[in-house]
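Engineer: What shape does this take:
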Amino acid sequence: MEDKEHLRQYSQERLRECQLKQLAILKEIDRICRRHGIDYWLDGGTLLGAVRHGGFIPWDDDIDIAMDREVLARFEQIAPTELPPGLFLQTPRTDPNNGPIVKVRDLNSLYIEHGDDFETGYVKGIYVDIFPFMKHPDVPRPWIKRLHVGLSKSYSILHRKHYYSLRSFAEFFWFGAKYLLYSSLWRLLCACWPSKHYANIPIINGYGITHLRTTVLPLSSIRFEDADFPAPHDADRYLKDIYGDYMQMPPEEKRKAHAEFIQPKLV
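Structural biologist: As a prediction, this is how the structure comes out:
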């Protein structure tokens, strides 16, 4: 436990260096998106930091942005040829072992989170997350949450490392069947109900959070650190959808970074 505390202290002393490297990655993403007319916006804690702090939440160590999933597919085609040396577009296709979220990673750093697997060689540098958004059916939020929790949990269990055992065999069939059922219900809702809402794709939206599309579009602009970046049209409503009273600071014990260990520069 003492060793872990030393690692956290080491990372805390390098937090600002990590944030500045993430900001540099964001600026490269912004450059590419502006050049090619690709819409994106600050999301989650990054948007909260921009509104409440004018930049990073003081203890935060990641950047979140969002794009429509069809727009993200275009970004995935363009970015590999546009990103400067030292940055890597990490997707389920370019680095399959890392998970479903698209990231732009810095190759000259190390960023270790709880659950990272050192037996597989996926890139583990400092990154910016890019979340894919899609239209959501206008059904009661409890329906959305129930389906999203089921889909995200099933997806996570089916894609984690398994060892041969009776339990893993049973999990494969149980959660595989659950995933197929919930996926079918989700497709049915999307096909049959109108849509005025926008949100993360179900497998990464376990909280069932949705926004009216008019809350997101047309995009506005907001200051984050030393530059202006795209933001949801109504940032206040967007943040209330996620956090409720977002201006209320969390208690000290909850002001924690995501990473277990950060090394902002390797060589």
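
Engineer: quick one: low-confidence ranges for this protein?
Structural biologist: For the chain, the stretches with pLDDT under 70 are 1-4, 161-165, 169.

Engineer: chain center to the longest strand along it, what's the gap?
Structural biologist: In the chain, with assignment by DSSP state E, the single longest strand is strand 127-136. How far strand 127-136 lies from its chain's middle: 6 Å, per C-alpha atoms, centre = their mean, to the nearest Å.

Engineer: mind listing what's buried in that strand?
Structural biologist: 127-136 (16 or more other C-beta atoms under 10 Å). (Glycine included, C-beta is placed from N, CA and C.)

Engineer: same thing with stretch 133-150?
Structural biologist: By 16+ other C-beta under 10 Å, the buried positions in stretch 133-150 come out as 133-137, 139, 144-145, 147-150.

Engineer: Can you tell me which of those is closest to Gly49?
Structural biologist: Set against Gly49, the nearest of the buried residues of stretch 133-150 by C-beta to C-beta is Phe133 (19.7 Å).

Engineer: Please, where are all the strands along the chain?
Structural biologist: With strands called from DSSP E, the chain shows them at 41-42, 63-68, 87-90, 102-106, 110-113, 127-136, 197-200, 211-212, 220-224, 227-231, 259-263.

Engineer: just checking, Phe261 touches Gln12?
Structural biologist: No. Applying C-beta atoms under 8 Å as the test, Phe261 and Gln12 come out as separate, 10.6 Å apart.

Engineer: Mutual contacts of the two, please.
Structural biologist: Here Phe261 and Gln12 have no joint contacts, going by C-beta atoms under 8 Å, 6 or more residues apart in numbering.

Engineer: just to revisit the earlier point, among the buried residues of strand 127-136, which one sits closest to Arg160?
Structural biologist: Among these, and counting by C-beta to C-beta, the member closest to Arg160 is Asp129, at 19.3 Å.

Engineer: Report the spatially nearest residue to that closest one, omitting neighbours in sequence.
Structural biologist: Nearest residue to Asp129, sequence neighbours excluded (C-beta to C-beta, 6 or more residues apart in numbering): Asp64, at 4.9 Å.

Engineer: Thought Leu48 was touching the one you found, still the case?
Structural biologist: No. Between Asp64 and Leu48 there is no contact under C-beta under 8 Å: 9.5 Å.

Engineer: Ends of stretch 95-104, what's the gap?
Structural biologist: 12 Å (C-alpha to C-alpha, to the nearest Å).

Engineer: Pro218 contacts His233, doesn't it?
Structural biologist: Yes. Counting by C-beta under 8 Å, Pro218 touches His233, with 5.7 Å between them.

Engineer: Neighbour count for the two, which is higher?
Structural biologist: Neighbour tally, Pro218 and His233, criterion other C-beta atoms under 10 Å: the higher count belongs to His233, 17 against 8.

Engineer: What about Asp226, how many residues nearby?
Structural biologist: Quick note: Asp226 (other C-beta under 10 Å) scores 9 neighbours.

Engineer: Next: Leu189.
Structural biologist: 17.

Engineer: how close does it get to Pro230?
Structural biologist: Going from Leu189 to Pro230 by C-beta to C-beta, to the nearest Å gives 29 Å.

Engineer: repeat for His36
Structural biologist: From His36 to Pro230 the distance is 14 Å (C-beta to C-beta).

Engineer: Comparing those two, which shows the higher neighbour count?
Structural biologist: Pro230 (19 against 14).

Engineer: Pairing partners for the more buried one in the sheet, please.
Structural biologist: Beta-bridge partners recorded for Pro230 (DSSP bridges): Ser221.

Engineer: if I read this right, it contacts Val216, doesn't it?
Structural biologist: No. Pro230 is beyond contact range of Val216, at 10.3 Å (criterion: C-beta under 8 Å).
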